[in-house]
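Novice: Build me a model from this:
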Amino acid sequence: MDACPTGGRFRAGLVAVLVAAACAVAGQPRAAQNDLPQTDLLQAGLVAASAAFQPGLFAAPVDYLSGHGPGSVAVGDLRADGRTDLITVNVGDGTAAVLLGDGKGAFGPPVTYPVGPGPSGLATGDLNGDGAIDLAVSNQYNATVTVLLGRGDGTFGTPVAYPTGSGPSGVAIGDLTGRGTADLAVSDQFDGTVAVLLGHGDGTFEPPRILPAGPSPSSLTVGRLDDDDRPDLAVTNAGNGTVVVLSSAGDGRFGPPQPYLTGPGPSSVSTGDVTGDGRADLLVTNAGNATVSVLPATGRGGFGAGWSYPTGPGPSSVTLGDVTGDDVGDLAVANAGNATVSVLAGRDDATFAPQQVYLAGPGPASLAEGDLTGRGRTDMVVANGRGSTVSVLAAEAVSAASTAASDDADIARGSAGRRRSCPGTRETAMPGM
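Specialist: Model prediction:
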């Protein structure tokens with residue numbers, strides 16, 4: 001018998017509250033709680049309770065079925081009707097899934113298409129010049145990239161696979177030749193390379209050109225990273241804690257990889273103008289030390305010493321967008337280690353505030369941003385890699401009181417100020433491999 005029955009009832013009540021908070025996801029049945037270990041529920045409940053004290057940027061997550069083990073997610077208007085739809089690739093069943101949106105933040109059941117074994121990366125774009133969104137999916141277990149051409153009505157044609165290097169992890173779309181046609185770039189994790197597949201303009205592609213990258217390239221992105229108009233490549237190498245930049249010659253060829261230090265185990269990379277100088281800076285999540293690094297561009301393809309900010313454990317994906325509605329870019333990071341998303345609000349001086357934490361689903365592997373509700377705000381969708389769902393986090397209106405409270409908290413922490421006084425960890429650039 002409990003020596004303090006009142007305390008025992010209090011603890012039981014606290015557990016119940018935390019469990020309820022952990023499972024307070026619209027659309028998830030109460031019975032689903034029985035499938036989760038009690039320790040996971042308590043941890044998720046503690047996260048939810050902590051997040052409840054953050055400024056309310058997002059509503060509680062709403063889950064939608066996708067497929068088994070969604071590893072990547074993207075958004076796009078697949079029907080050209082002004083409504084945003086969702087696409088995932090599902091590692092567990094080798095499919096791509098399409099969830100059509102109603103324009104108000106709700107999504108239909110997944111319609112799946114076969115792609116290949118172990119799909120890991122997803123990119124969207126117009127690959128054949130017909131104005132419809134097409135898909136490119138990297139398949140890690142059979143060294144291919146699968147192309148699905150969109151019909152413009154939310155459906156896709158027969159998948160066609162093209163060879164890559166070994167263990168393709170990420171895929172990106174861009175005009176790498178300057179001919180006005182879409183090409184593919186794929187990071188190959190098992191052989192340390194990047195495969196470039198030049199497009200013919202009709203949705204078909206040439207055999208891959210293999211370029212060196214570094215040990216265990218985990219992701220890549222295409223962007224104009226120097227002062228010319230040619231798209232370059234940035235590739236994260238999980239094996240040595242670097243991101244390398246391959247400058248484009250404009251004809252499908254690239255220069256040698258120029259490495260820059262990140263944090264340990266870089267897992268994803270994206271670009272955006274953080275400093276406001278019109279150049280694309282690099283944003284890298286570091287799974288090895290739970291941080292996100294910002295490497296500012298210096299021009300001519302170079303990047304200066306960067307700063308790292310704490311995130312949640314196992315950060316897997318990063319985006320830059322205005323989620324706070326103040327016309328300043330904010331960072332959003334999916335944290336695979338604790339089923340959360342971290343939002344780091346941007347400041348006018350190109351620094352970021354401490355993270356605000358929001359609950360997602362098990363093992364967030366990827367996130368994407370877009371107006372999912374038709375209200376003109378930046379919403380988020382998260383692929384829950386250790387489950388079978390995507391979580392939609394609808395943006396809430398940010399009140400002046402919440403913004404003021406967040407600013408006061410930043411000042412109290414001593415985190416306000418110019419970039420040179422940023423409390424993050426400084427990184428250094430490497431002059432060569």
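Novice: any idea of the mean pLDDT for stretch 230-242?
Specialist: Across stretch 230-242, the average pLDDT comes to 97.
Novice: Can you point out the buried residues in that stretch?
Specialist: Buried residues in stretch 230-242, counted by 16 or more other Cβ atoms under 10 Å: 230-238, 240-242. In this view, the C-beta of every residue, glycine as well, is placed from N, C-alpha and C.
Novice: Quick check: end-to-end length of it?
Specialist: Using Cα to Cα, to the nearest Å, the end-to-end distance of stretch 230-242 comes out at 23 Å.
Novice: Next: stretch 193-206.
Specialist: First-to-last residue span, stretch 193-206, Cα to Cα: 17 Å.
Novice: for it, which positions count as buried?
Specialist: For stretch 193-206, a neighbour-count test (16+ other Cβ under 10 Å) marks 193-199, 203, 205 as buried.
Novice: Identify those among those residues that sit within strands.
Specialist: Those of those mapping onto strands are 193-197, per DSSP state E.
Novice: which one of the buried residues of stretch 230-242 is nearest residue 313?
Specialist: Using Cβ to Cβ, residue 238 comes nearest to residue 313 of these, at 15.9 Å.
Novice: thought that closest one was touching residue 213?
Specialist: No: at 11.0 Å, residue 238 and residue 213 do not qualify as touching, with contact defined as Cβ atoms under 8 Å.
Novice: Report the residue spans of this structure with pLDDT below the cut-off.
Specialist: 1-55, 398-433 (pLDDT under 70).
Novice: looking at the sheet around the nearest residue to residue 165 once chain neighbours are set aside, what are its partners?
Specialist: Residue nearest to residue 165 in three dimensions, not counting chain neighbours: residue 188, with 2.9 Å by Cβ to Cβ, 6 or more residues apart in numbering. Taking DSSP bridges as the rule, residue 188 bridges to residue 168, residue 193.
Novice: Pull the contacting residues for residue 188.
Specialist: 143, 164-169, 194-195, 210, 213, 217 (Cβ atoms under 8 Å, 6 or more residues apart in numbering).
Novice: Of those, keep whichever come out buried.
Specialist: The neighbour count (16+ other Cβ under 10 Å) marks 143, 164-165, 167-169, 194-195, 213, 217 as buried among the contacts of residue 188.
Novice: and those residues, which two are the farthest apart?
Specialist: Spanning the widest gap among those are 143 and 213, at 15.3 Å by Cβ to Cβ.
Novice: Is residue 346 bridged to anything, and to what?
Specialist: residue 352.
Novice: Help me confirm that it comes into contact with residue 330.
Specialist: Yes: using Cβ under 8 Å, residue 346 is in contact with residue 330, at 4.7 Å.
Novice: residues shared between the contacts of those two?
Specialist: 324, 352.
Novice: Who are the contact partners of residue 270?
Specialist: 221, 282-283, 318-320 are the contacts of residue 270 under Cβ under 8 Å, 6+ apart.
Novice: try 6 Å
Specialist: 221, 283, 318 (Cβ atoms under 6 Å, 6 or more residues apart in numbering).
Novice: what's the answer for residue 73, then?
Specialist: Residue 73 touches 88, 366, 368, 381, 383, 390, counting by Cβ under 6 Å, 6+ apart.
Novice: what do you get if the cut-off is 8 Å, keeping everything else the same?
Specialist: So residue 73 contacts 66, 86-88, 122, 366-368, 381-383, 390 (Cβ under 8 Å, 6+ apart).
Novice: for the residues you listed, which one is nearest residue 256?
Specialist: residue 122 (28.1 Å).
Novice: pretty sure residue 377 contacts residue 321?
Specialist: No: contact criterion Cβ under 8 Å: residue 377 and residue 321 do not qualify, at 10.5 Å.
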